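K.L.:
One predicted model, sequence on top.
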Amino acid sequence: MAAHTELDAGKAANKQLFWEGVQEAFEVHNKVYDNLHFGDDEILSELLHIDFTKIVPHDWKKLWARWKHLNAG
């Protein structure tokens, strides 16, 4: 449940508050996130053009848009 200050700022209606938390969680170095490897994944192992060691930070709007796209349909 959102606090009054978050509601007043308009962050609760568009999920901004939640997605800012997601953005913050992935910007912090974490041994669990930093050491994920997908070498045994058939699909990802074919994507040789992707450098999984290069982390591209996204703002909360981009993260939300990608989530919506992946969960559409």
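P.N.:
That came through, no problem. Numbering: from 1, shown residues only.

K.L.:
just checking, next helix/strand downstream of the lowest-mean-pLDDT helix or strand in the chain?
P.N.:
None of the helices or strands of the chain scores lower by mean pLDDT, DSSP states H and E than helix 4-9, at a mean of 59. Scanning forward in sequence from helix 4-9, with DSSP states H and E defining helices and strands, the next element found is helix 16-27.

K.L.:
From the contact counts, what lies against that next one?
P.N.:
With contacts defined as 3 or more C-beta pairs under 8 Å, 6 or more residues apart in numbering; DSSP states H and E, the secondary structure elements packing on helix 16-27 are helix 60-71. All C-beta atoms are positioned from the backbone trio N, CA, C, and that covers glycine.

K.L.:
helices or strands next to the helix it packs on in the packing?
P.N.:
If you count contacts as 3+ C-beta pairs under 8 Å, 6+ apart, helix 60-71 packs onto helix 16-27.

K.L.:
May I see the buried residues of the helix it packs on?
P.N.:
For helix 16-27, the buried set under the neighbour-count rule, 16 or more other C-beta atoms under 10 Å, comprises 16-17, 19-20, 23.
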